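>>> Sharing a sequence plus its predicted fold:
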Amino acid sequence: MSIDVESESAATTLDLDQLKEDDPLIHLAVRLLKEIGEDPDRDGLRETPERFARWWREFTNYDPGTVSTLFETTTSGQLVLVSGIEVWSLCEHHLLPFNCSISIAYRSTERLLGLSKFARIAHLHAHRLQLQERLVSDIAADIIRITGSQDVAVVGHGEHLCMTMRGIKTSARMTSSSIHGDFGRAGLARDELLTLLHG
Ligand SMILES: Nc1nc2c(ncn2[C@@H]2O[C@H](COP(=O)(O)OP(=O)(O)OP(=O)(O)O)[C@@H](O)[C@H]2O)c(=O)[nH]1
Ligand SMILES: [Zn+2]
């Protein structure tokens with residue numbers, strides 16, 4: 001009996017090892033460690049390839065939950081600004097992180113978007129390989145599509161590790177914006193947006 005248990009657990013270990021062997025992300029991490037002169041079997045690194053594989057899957061399979069809950073309202077026409085949405089994304093050129101503080105504004109229609117959904121939409125688009133310019137325009141496109149409002153503005157203020165920890169090594173930050181409808185034209189809507197953004 002004990003032999004059976006032992007052989008059963010040995011078989012389980014074997015299967016798990018086989019699964020790990022078959023995982024391309026684990027393979028990649030082992031090769032990376034070897035390539036940079038590390039011993040993947042040393043203490044501290046033994047579980048690292050699995051963690052590496054887990055982190056990449058967590059990041060790229062991010063589930064934002066429900067992003068489009070709308071409420072009927074009689075208070076349409078307000079300028080709504082949600083700011084300080086902090087997201088982490090990955091630069092598609094270097095696979096290094098960048099963080100971005102996102103502000104989203106829209107002129108509400110007869111359907112209001114649930115407050116939490118702005119951050120969910122921002123995280124959804126951050127959880128992939130990105131450029132900051134595309135991140136803010138992807139968010140703006142979703143806000144337009146979901147709310148039906150044409151007056152939408154998204155501003156991002158980001159720090160890119162590909163620029164701060166390597167390369168030019170500057171502490172410069174990048175601000176980019178995607179501005180639509182009346183917010184893009186001189187007038188009251190744009191003035192109100194700028195006042196709220198700077199207030
Ligand atoms: N516009 C924009 N550029 C980005 C973003 N993330 C990274 N980059 C830039 O992409 C460019 C890639 O330039 P390359 O010359 O191909 O790569 P590189 O030799 O690593 O460039 P350096 O970073 O200047 O050392 C760099 O200027 C990066 O700063 C982003 O979100 N938006
Ligand atoms: Zn980069």
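That came through, no problem. Ligands and ions are numbered 1, 2, ... in the order given.

>>> Test for you: state the pLDDT assigned to the residue nearest the centre of the chain.
For the chain, the residue lying nearest the average C-alpha position, counting by C-alpha atoms, centre = their mean, turns out to be A126 (2.1 Å). pLDDT, the model's per-residue confidence, is 98 for A126.

>>> got the contact list for it?
The neighbourhood of A126, defined by C-beta atoms under 8 Å, 6 or more residues apart in numbering, consists of 87-89, 100, 135. (Glycine included, C-beta is placed from N, CA and C.)

>>> model confidence over the longest strand seen in the chain, on average?
The strand spanning the most residues in the chain, taking DSSP state E as the definition, is strand 79-91. Computed over strand 79-91, the mean pLDDT rounds to 98.

>>> Show me the contact partners of that strand.
59, 96-108, 112, 115, 118-119, 122-123, 125-132, 135, 160-162, 189, 192-193, 196-197.

>>> one step back: of all the contacts of A126, which comes closest to ligand 2?
Sorting those by distance to ligand 2 puts S89 at the head of the list, at 10.5 Å, by C-beta to the ion.

>>> Identify the residue spatially nearest to that closest one, adjacent ones excluded.
Nearest non-adjacent residue to S89, counting by C-beta to C-beta, 6 or more residues apart in numbering: A126, 4.0 Å away.

>>> buried sites along the helix or strand L112 falls within?
Taking DSSP states H and E as the criterion, L112 maps to strand 111-113. The neighbour-count check on strand 111-113 (16 or more other C-beta atoms under 10 Å) flags 112-113 as buried.

>>> What's the first helix or strand after it?
Per DSSP H and E, strand 111-113 leads on to helix 115-126 as the next helix or strand towards the C-terminus.

>>> any idea how far R128 is from ligand 2?
When distances are taken as C-beta to the ion, to the nearest Å, R128 and ligand 2 turn out to be 14 Å apart.

>>> which residue sits closest to that residue, ignoring its sequence neighbours?
Excluding the flanking residues, the one nearest R128 by C-beta to C-beta, 6+ apart is T60, at 6.6 Å.

>>> can you dump the C-alpha coordinates of stretch 134-146 into CSV?
The C-alpha atoms that make up stretch 134-146 are tabulated as CSV, following Å, rounded to 0.1, in the frame of the first residue of the first chain:
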residue,chain,number,x,y,z
ARG,A,134,-2.3,54.8,-27.5
LEU,A,135,-3.3,54.1,-23.9
VAL,A,136,-5.0,57.5,-23.5
SER,A,137,-6.7,57.3,-27.0
ASP,A,138,-7.9,53.7,-26.3
ILE,A,139,-9.5,54.8,-23.1
ALA,A,140,-11.1,57.8,-24.8
ALA,A,141,-12.5,55.6,-27.6
ASP,A,142,-14.1,53.3,-25.0
ILE,A,143,-15.7,56.2,-23.1
ILE,A,144,-17.2,57.6,-26.4
ARG,A,145,-18.4,54.1,-27.3
ILE,A,146,-20.0,53.3,-23.9
